[in-house]
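J.: Generate coordinates for the sequence data below:
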Amino acid sequence: MTQTAPESPAHTQSDTDLKAQMLDMGRRTRAASRALALASAETRTQAIAGMAEALKRRSAEVLEANEADLEAAKAKGMASAMMDRLALDEKRLDGVIGALEKIAAIPDPVGAETARWTPDNGLDIARVRTPIGVLAIIYESRPNVTADAAALAVRAGNAVILRGGSECLRSNLAIHAALVEGLESAGLSPDTVQIVTTRDRAAVGEILTGLDKSIDLVIPRGGRSLVERVQTEARVAVLGHLEGVNHVYVHESADADTARDVAVNAKMRRVSVCGAAETLLVDRAAAERLLPPIAEALTALDCEMRGDEATCALAPQAKPATDADWATEFLAAVIAVRVVDDMDQALDHIARYGSGHTECILASDEAAIERFLAQVDAGIVLANASTQFADGGEFGFGGEIGISTDRLHARGPVGAEQLTSFKYAIRGRGQTRP
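T.: Below you'll find the predicted structure:
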């Protein structure tokens, strides 16, 4: 039977009751993490495969719950881009199930040696991957994150507390029921993957306290306001994921047909994903050749362009851009377009306005490509490929928690391997230090 969610925040629940419930959740998850860390790789594989099987069996319940979430969101006037993120259908749910199956099949990272050496003191030193412990993942809108995050956490030997957006609580609870079934089929505790069942936003504040040292890492996945709140208030480590203000830079050497096809795909394949291109930069020396075909293709797909003066001259359908447009993650069929003097100006623009997420160059000049790949500071830098490949599944990770824009611990798509830490296992022969 599908779990049901309250229709509004639990205003009648006292702060004391909520705090006690969240602390209990943290302690139970911590206990489950210790058992999970000792489980074999085969057991974790069985659990994730069991999650996929249970999700197949419960697909009708999940889609029914998602339809109820969509109806409620529509009644509240949710923006179309957010509705797209929230929506599940049979094809998308099959994709979620497929991602779980891929995660079950990838090599288990726990216990893998990443280096081994013997210094002058004769010690045998190995660096070995270990689980982080307990993760707390706070996310918005996308119910697929519930499944991806749980499976990746378990693959890496971590227990996890999930707190999705209130707009998709019914969907998340239905998916979570399948995840628990998969855990239990492998003999693992249902406390390994916990989900916050209240819409009360105070629960997020409790998570950010660390729940009496139960949580090791918080991962926010959502808009800037969510990420900034987590980074400001959290008393535990945070793995950040800011918005994707992503650029496609069309170098003067680019092939016109390739530039058109890749730039349009980068913007329009799915406008609501964080890997969508938000700004197009075109070299002035070839703008007359390269920009109009891209502009025509975007216009044919009802994409609004906001351009500088040179862009508006070459593409009269474009509206004048404002300074704010260069720093905006539109998540809609809108793109900012600027004609730049050369690569130097393109790199300066990206350095000023980019979010460190994903950047792309379209070019045939190999020297220009290598310079761009070397000099652009972002988690993902592509040459002659759509920014929509910014996805852990496309990297062969099976799925992802998100795209990290941090520079420490993990950067780019965060898969199972990125959800591990390490320790040094040292074997001696009775050495003592003089």
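
J.: what's around residue 39, how many residues?
T.: Other residues within reach of residue 39 by the criterion other CB atoms under 10 Å amount to 19. (C-beta placed from N, C-alpha, C; glycine too.)

J.: typo on my end, residue 407
T.: Taking other CB under 10 Å as the neighbour definition, residue 407 ends up with a count of 11.

J.: and it, helix, strand or coil?
T.: Judged by DSSP: H, G, I helix; E, B strand; the rest coil, the three-state class of residue 407 is coil.

J.: Same check on residue 206?
T.: Relying on three-state DSSP, one would call residue 206 helix.

J.: Check residue 336 too.
T.: For residue 336, the secondary structure call by three-state DSSP comes out as strand.

J.: Next, the contact list for it, please.
T.: Residue 336 sits next to 278-280, 305-307, 321, 325-326, 328, 330 when contact means CB atoms under 8 Å, 6 or more residues apart in numbering.

J.: Hmm, residue 88 and residue 171 touching each other?
T.: Yes: applying CB atoms under 8 Å as the test, residue 171 and residue 88 come out as touching, 6.6 Å apart.

J.: Compare neighbour counts for these two and give me the winner.
T.: More neighbours sit around residue 171 than around the other of residue 171 and residue 88, counting by other CB under 10 Å; the figures are 30 against 24.

J.: re the thing from before, could you pull out the residues contacting both of residue 171 and residue 88?
T.: Residues touching both residue 171 and residue 88 by CB under 8 Å, 6+ apart: 62, 66, 143.

J.: Restricted to helices, list the residues you listed.
T.: In helices, judged by DSSP state H, the following of the shared contacts of residue 171 and residue 88 are found: 62, 66.

J.: Closest one to residue 244 out of the shared contacts of residue 171 and residue 88, please.
T.: The closest of the shared contacts of residue 171 and residue 88 to residue 244 turns out to be residue 143 (CB to CB; 19.9 Å).

J.: That closest one - nearest residue in space that isn't next to it in sequence?
T.: Nearest non-adjacent residue to residue 143, counting by CB to CB, 6 or more residues apart in numbering: residue 171, 3.8 Å away.

J.: List the contacts of the closest residue to residue 276 other than its chain neighbours.
T.: The shortest distance from residue 276 to any non-neighbouring residue, by CB to CB, 6+ apart, is to residue 267 (6.1 Å). Residues in contact with residue 267 (CB under 8 Å, 6+ apart) are 248, 276-278, 280, 298, 303, 333, 335.

J.: Distance of residue 267 relative to residue 229?
T.: 29 Å (CB to CB, to the nearest Å).

J.: Next: residue 374.
T.: With CB to CB as the criterion, residue 374 and residue 229 are 35 Å apart.

J.: can you check residue 311 too?
T.: Relative to residue 229, residue 311 is positioned 36 Å away (CB to CB).

J.: who's more crowded, those two?
T.: More crowded of residue 311 and residue 229, by other CB under 10 Å: residue 311, with 24 against 16.

J.: That one is in what secondary structure piece?
T.: Under the assignment given by DSSP states H and E, the secondary-structure element containing residue 311 is helix 309-314.

J.: mean confidence for that helix?
T.: Averaged across helix 309-314, pLDDT comes to 98.

J.: Show me how far the helix or strand that it is followed by is from its chain's centre.
T.: Tracing the chain C-terminally past helix 309-314 and defining elements by DSSP H and E, one meets strand 319-320 next. How far strand 319-320 lies from its chain's middle: 32 Å, per CA atoms, centre = their mean, to the nearest Å.

J.: all helices for the protein, in order.
T.: Taking DSSP H, the helices of the chain run over residues 15-38, 41-57, 59-75, 80-86, 90-105, 144-155, 169-185, 202-208, 224-233, 256-268, 287-300, 309-314, 343-353, 366-375.

J.: And those helices: which comes nearest residue 112?
T.: Checking those against residue 112 by CB to CB gives helix 41-57 as the closest, at 9.9 Å.

J.: Off-centre distance for the closest one?
T.: Going by CA atoms, centre = their mean, the spacing between the C-alpha centre of helix 41-57 and its chain's C-alpha centre is 22 Å.

J.: by how many degrees do it and helix 15-38 diverge?
T.: Here helix 41-57 runs at 130 degrees with respect to helix 15-38, directions being taken by axes from the mean of the first three to the mean of the last three CA atoms, to 10 degrees.

J.: Report the buried residues of helix 41-57.
T.: Under the neighbour-count criterion of 16 or more other CB atoms under 10 Å, helix 41-57 has 43-55 buried.

J.: Tell me what angle that helix forms with helix 90-105.
T.: 170 degrees.

J.: which helices and strands sit right next to helix 41-57?
T.: Applying 3 or more CB pairs under 8 Å, 6 or more residues apart in numbering; DSSP states H and E, we find helix 41-57 packed against helix 90-105, helix 144-155, helix 169-185.

J.: Deepest in the core, which of those is it.
T.: For these, average neighbour numbers computed from mean count of other CB atoms under 10 Å are highest in helix 144-155, which has a mean of 28.

J.: could you say what helices and strands it packs with?
T.: helix 41-57, helix 90-105, strand 134-139, strand 159-163, helix 169-185, strand 193-195.

J.: Swap in 10 Å and give it another go.
T.: The elements that helix 144-155 packs onto, with contact taken as 3 or more CB pairs under 10 Å, 6 or more residues apart in numbering; DSSP states H and E, are helix 15-38, helix 41-57, helix 90-105, strand 134-139, strand 159-163, helix 169-185, strand 193-195, strand 217-221.

J.: Export these as a markdown table, with columns for mean pLDDT and distance to residue 257.
T.: As requested, the helices and strands packed on helix 144-155 are arranged in a markdown table below (pLDDT from 0 to 100; distance: least, CB to CB, whole Å):
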| stretch | mean pLDDT | distance to residue 257 |
| --- | --- | --- |
| helix 15-38 | 95 | 51 |
| helix 41-57 | 98 | 40 |
| helix 90-105 | 96 | 29 |
| strand 134-139 | 96 | 38 |
| strand 159-163 | 98 | 44 |
| helix 169-185 | 98 | 40 |
| strand 193-195 | 98 | 47 |
| strand 217-221 | 93 | 36 |
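
J.: Any chance of a markdown table for the ones you listed, columns distance to residue 260?
T.: Listed next are these as a markdown table, based on distance: least, CB to CB, whole Å:
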| stretch | distance to residue 260 |
| --- | --- |
| helix 15-38 | 49 |
| helix 41-57 | 38 |
| helix 90-105 | 27 |
| strand 134-139 | 34 |
| strand 159-163 | 41 |
| helix 169-185 | 37 |
| strand 193-195 | 44 |
| strand 217-221 | 32 |
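
J.: So, low pLDDT: which residues of the chain?
T.: Regions of the chain meeting the criterion pLDDT under 70 cover residues 1-13.

J.: picking up where we left off before, check the contacts of residue 267 and tell me the two furthest apart.
T.: The largest separation in these, counting by CB to CB, is between 248 and 333 at 15.3 Å.
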